[in-house]
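**Q** This is a predicted model, with the sequence first.
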Amino acid sequence: MCYNEHMDITIRNLDEVAYREIKARSALEGKTVGQVVNEAIRVYLARPFPYPRNRTLRELAPIRFPDGNERLSEEIDEIVYGASKPDTGP
């Protein structure tokens, strides 16, 4: 397989406004939409992968939150469900 070959491809569900903007900008730069999309794909693929590949969920280690977040889940519960009320019993 030769990686320098070009192929015609259809991409569905693109944002119409974003497509119009990239089409206009690419024209102003004297490029085709395909050239700009190829550049964007290369930039995206050059980013570091967000998590290690070929690992199972069992091998993942928990990530430590910075100090000061010890009550984070409790604070989220208070925001979502309201302030916790003391149990007064029957």
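**A** Looks like it came in fine. Numbers count the residues shown, from 1 in each chain.
**Q** Report the contact partners of residue 11.
**A** Shown in contact with residue 11 (CB atoms under 8 Å, 6 or more residues apart in numbering): no residues. From N, CA and C alone the C-beta is placed, and that goes for glycine too.
**Q** Check residue 32 too.
**A** Neighbouring residues of residue 32 by CB under 8 Å, 6+ apart: residue 26.
**Q** Could you do the one 3 residues further on as well?
**A** Contact criterion CB under 8 Å, 6+ apart gives residue 26 as the residues in contact with residue 35.
**Q** Next up, identify which helix or strand it is on.
**A** Under the criterion of DSSP states H and E, residue 35 resides in helix 33-46.
**Q** Return the set of buried residues in that helix.
**A** 36, 37 (16 or more other CB atoms under 10 Å).
**Q** got the CA positions of that helix in PDB?
**A** Output of helix 33-46 as PDB, limited to C-alpha atoms (Å, rounded to 0.1, in the frame of the first residue of the first chain):
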ATOM      1  CA  VAL A  33     -10.500  21.700   1.400                       C
ATOM      2  CA  GLY A  34      -8.800  18.300   1.100                       C
ATOM      3  CA  GLN A  35      -5.400  19.800   1.800                       C
ATOM      4  CA  VAL A  36      -6.600  21.600   4.900                       C
ATOM      5  CA  VAL A  37      -8.400  18.500   6.200                       C
ATOM      6  CA  ASN A  38      -5.300  16.400   5.700                       C
ATOM      7  CA  GLU A  39      -3.300  19.000   7.600                       C
ATOM      8  CA  ALA A  40      -5.900  18.900  10.400                       C
ATOM      9  CA  ILE A  41      -5.800  15.100  10.500                       C
ATOM     10  CA  ARG A  42      -2.000  15.100  10.700                       C
ATOM     11  CA  VAL A  43      -2.000  17.600  13.600                       C
ATOM     12  CA  TYR A  44      -4.700  15.500  15.400                       C
ATOM     13  CA  LEU A  45      -2.700  12.300  15.000                       C
ATOM     14  CA  ALA A  46       0.600  14.000  16.200                       C
END
